[in-house]
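>>> curious how this folds, go ahead:
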Amino acid sequence: MSSSSPNLAERYAFLQGELARLEHAYYVLDNPLLPDSEYDRLYREMLEIEAVHPEWVSPQSLSQRVGGVALKEFDTVVHVVPMLSLNNAFEDAELIAFDRRCREGLHVDHVTFAGELKFDGLAISLRYEDGVLVRAATRGDGASGEDVTANIKTIRAIPLQLLGKNIPKVLEVRGEVFMYLKDFEKMNQQAAALGEKEFANPRNAAAGSLRQLDSKITAKRPLSFFAYGLGALEPQSWLPSTHEQLLNAYVRLGLPVCPERRLLHSVAEILDFYNEIGAKRDSLPYDIDGVVYKVNSFAEQAKLGFVSRAPRFALAHKYPAQEALTTVLGIDVQVGRTGAITPVARLAPVEVGGVTVTNATLHNEDEVKRKDVRIGDTVSVRRAGDVIPEVVSVVKERRPVNAQQFVMPVRCPVCDSHIERLSDEAVARCSGGLFCAAQRKQALIHFAHRRAMDIEGLGEKIVDQLVDLNLVRTPADLYRLGFTALANLERMGDKSADNLMQAINQSRNTTLARFIFALGIRHVGETTAKDLANHYGSMHSLMDASLEDLLTVKDVGPVVADSITSFMQEAHNREVIEQLLFSGMQLSVEEKIFSAAVSGKTFVLTGTFPTMTRDEAKDLLEKAGAKVAGSVSKKTDFVVAGSDAGSKLIKAEELGVPIIDEAAMLELLS
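Purely as a prediction, here's the structure:
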């Protein structure tokens with residue numbers, strides 16, 4: 001067979017199509033079809049054929065994704081359809097006014113909006129002609145941007161050729177280039193290991209990567225893409241009637257579209273969507289800074305038109321900023337429950353994410369050195385939800401000449417015990433154990449936590465006094481406290497002392513899982529504690545378990561098993577457990593409830609229930625094998641509604657989802 005035989009050409013065409021299919025499944029659908037080694041084998045075969053027949057290589061060949069010759073500068077691209085920015089809303093009232101303006105402008109009582117995420121990346125326009133990617137440009141000033149075609153081609157989530165048959169002659173796809181957080185962190189770790197500059201955040205990393213004059217550098221960066229809009233289009237008859245239908249068409253063409261989107265039919269649903277996405281914002285795999293609402297109907301969009309440089313039919317609803325700049329006033333260390341010594345930056349007060357921040361964690365000594373944080377520096381501080389604020393990066397251009405470097409202390413600032421750091425750990429620890437008041441206090445606060453022993457009223461200020469006055473050294477001492485000792489504490493009257501005594505006494509009746517969690521064993525969270533309780537059934541069985549036996553417990557690996565055995569081998573820990581058990585602990589093992597009417601079903605809880613909290617109802621349902629979701633959809637099996645139920649109840653009525661009350665839920669469970 002000659003090197004230019006029809007069979008080789010057919011094989012080359014097959015490899016192009018097969019590799020494109022595999023890349024789409026891997027990068028767009030997140031569904032790898034073959035092992036990486038097999039993909040690599042097919043890719044090498046394609047390169048070998050191209051080496052023999054370079055005339056067969058087209059701009060659409062997957063080999064062209066690796067980058068070409070470095071440019072001296074980017075060419076300018078004029079956008080046929082301008083890339084406009086959106087007006088922003090920060091308050092609910094602005095959103096309500098937007099909905100009213102749309103209804104009044106259309107002379108209707110009801111408007112359907114498409115809700116989607118507002119990504120914190122770089123806006124891009126992709127031009128496809130007859131399904132082939134021919135040009136990519138940045139937003140620039142909206143009227144014109146930079147030609148970044150060579151760099152865009154290196155992003156494997158973006159198809160070089162669209163899929164399917166219903167492809168318009170010209171299609172300009174608008175969307176966002178961004179980085180997944182896991183890819184960003186991995187890239188920064190690799191940069192740190194090589195002593196290279198790290199990026200401050202994923203947005204800067206995406207923008208910086210896309211504007212590289214050398215596309216070979218861009219090819220090494222883990223960039224991703226989501227499509228969300230439309231520019232030029234020929235013929236216009238291809239256009240679906242709604243924005244939602246357009247995004248579905250994009251999916252069929254092989255373009256990646258974010259699945260976090262929803263049709264919204266009222267202001268109540270819009271606010272629910274905003275709050276729901278806000279609640280899970282910190283767990284999303286990418287950064288967002290808000291959500292976007294667009295009138296779903298393209299005909300209605302055309303009627304509303306544009307004002308200045310923004311459309312009247314769309315609005316960005318922003319979340320409070322999660323990063324801000326401030327100054328490091330000092331660097332102290334805190335002693336945690338397990339003795340961990342954590343450097344903490346004391347900051348000039350700054351508002352981040354709607355909260356005033358004065359402290360931010362620096363994690364450990366290595367992190368301080370890696371980020372090169374010094375006293376006097378201007379730093380970027382990040383706060384994500386309930387997570388402790390952290391110092392993200394230093395603005396070194398603003399560093400004062402007298403900025404001081406941090407030195408990790410060698411003695412514990414609380415008990416003066418030696419600080420030690422094991423060779424396999426990044427964290428330094430106080431060696432004082434329960435001798436250290438800081439560790440005692442944190443251990444007691446954890447012990448009394450609502451999800452542990454649930455001792456209501458035993459807060460940080462009470463614990464501080466109990467430890468400082470030497471009234472309590474271990475959790476077992478709590479059950480030996482008398483009324484007089486409590487009543488004599490600062491700001492503790494007779495009534496408060498009596499309430500706390502009752503809470504301590506009531507905590508003796510608890511579950512084995514809660515008790516295990518309350519002990520504060522390193523690496524043992526609530527879920528692991530439940531697994532241990534179900535496996536062993538008693539505290540003494542767990543105390544005497546071997547390392548090998550622990551490894552047979554569900555989801556318990558070597559690190560967790562070693563932590564448990566180390567804890568149980570300490571004589572003082574075993575003594576505290578025995579004292580706690582001797583104090584009258586009644587530890588029950590939770591039994592699994594099984595109900596055929598509930599198992600595998602999806603429930604949504606809304607409103608206030610007469611006899612239990614929503615957390616308690618959720619626990620009952622999950623024990624029975626049900627799933628409890630945060631929003632109502634067609635997949636919801638039941639909505640459990642209490643008094644003052646809100647928009648979730650309305651949505652359930654609209655979708656015809658069965659609505660039950662607490663009593664009916666309990667009947668299902670029984």
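>>> so which residue is smack in the middle of the protein?
For the chain, the residue lying nearest the average C-alpha position, counting by CA atoms, centre = their mean, turns out to be residue 283 (1.9 Å).
>>> so how far is residue 275 from that one?
If you measure residue 283 against residue 275 using CB to CB, to the nearest Å, the figure is 15 Å. To be clear about C-beta, it is placed using only N, CA and C from the backbone, and glycine gets the same treatment.
>>> and stretch 469-487, which residues are buried?
Neighbour counts using 16 or more other CB atoms under 10 Å place 471, 472, 474, 475, 476, 477, 478, 479, 481, 486, 487 of stretch 469-487 among the buried residues.
>>> looking at these, which gets the smallest pLDDT?
Checking pLDDT across the buried residues of stretch 469-487, the minimum falls on residue 474 at 87.
>>> find the nearest non-adjacent residue to it, please.
Counting by CB to CB, 6 or more residues apart in numbering, the nearest residue to residue 474 once its immediate chain neighbours are dropped is residue 576, at 4.7 Å.
>>> quick one, what contacts the one you found?
Taking CB atoms under 8 Å, 6 or more residues apart in numbering as the contact definition, residue 576 lies against 474, 475, 476.
>>> what is the neighbour count of residue 425?
By the other CB atoms under 10 Å criterion, the neighbourhood of residue 425 contains 11 residues.
>>> ugh, wrong one, I meant residue 17
Residue 17 is flanked by 11 other residues according to other CB under 10 Å.
>>> that one: which element?
helix 6-23 (DSSP states H and E).
>>> what's the next secondary structure element after that helix?
Following helix 6-23 in sequence order, the next helix or strand is helix 36-52 (DSSP H and E).
>>> pLDDT wise, what is the nearest residue to residue 600 once chain neighbours are set aside at?
For residue 600, the nearest residue in space outside its immediate sequence neighbours is residue 625; the separation is 6.3 Å by CB to CB, 6+ apart. In this model, residue 625 is scored at 75, pLDDT.
>>> from residue 53, how far out is residue 625?
If you measure residue 625 against residue 53 using CB to CB, the figure is 59 Å.
>>> again with residue 335
When distances are taken as CB to CB, residue 335 and residue 53 turn out to be 68 Å apart.
>>> more neighbours: which of the two?
Neighbours around residue 335 and residue 53, counted as other CB under 10 Å, are more numerous at residue 335. The numbers are 24 against 13.
>>> is the more buried one in a bridge, and if so with what?
Bridge pairing for residue 335 (DSSP bridges) gives the partners residue 341.
>>> and the strands in the stretch 151-300 of the chain, which stretches?
Counting by DSSP state E, counting those that start in this stretch, one finds strands in the stretch 151-300 of the chain at the ranges 170-178, 224-234, 262-264, 288-295.
>>> any chance of those strands in TSV, plus mean neighbour count?
Compiled in TSV, these are given as follows (neighbours: other CB atoms under 10 Å):
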stretch	mean neighbour count
strand 170-178	22
strand 224-234	20
strand 262-264	18
strand 288-295	23
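>>> got any ranges where the stretch 151-300 of the chain has weak pLDDT?
For the stretch 151-300 of the chain, the stretches flagged by pLDDT under 70 are 200.
>>> quick revisit: three-state assignment of the residue nearest to residue 600?
Reducing the assignment to helix, strand or coil with DSSP: H, G, I helix; E, B strand; the rest coil, the entry for residue 625 is coil.
>>> quick one: it and residue 111, what's the gap?
Here residue 625 is placed at a distance of 40 Å from residue 111 (CB to CB).
>>> look at those two and report which has more neighbours.
Set side by side, residue 625 and residue 111 give different neighbour counts by other CB under 10 Å, the larger being at residue 111 (24 against 15).
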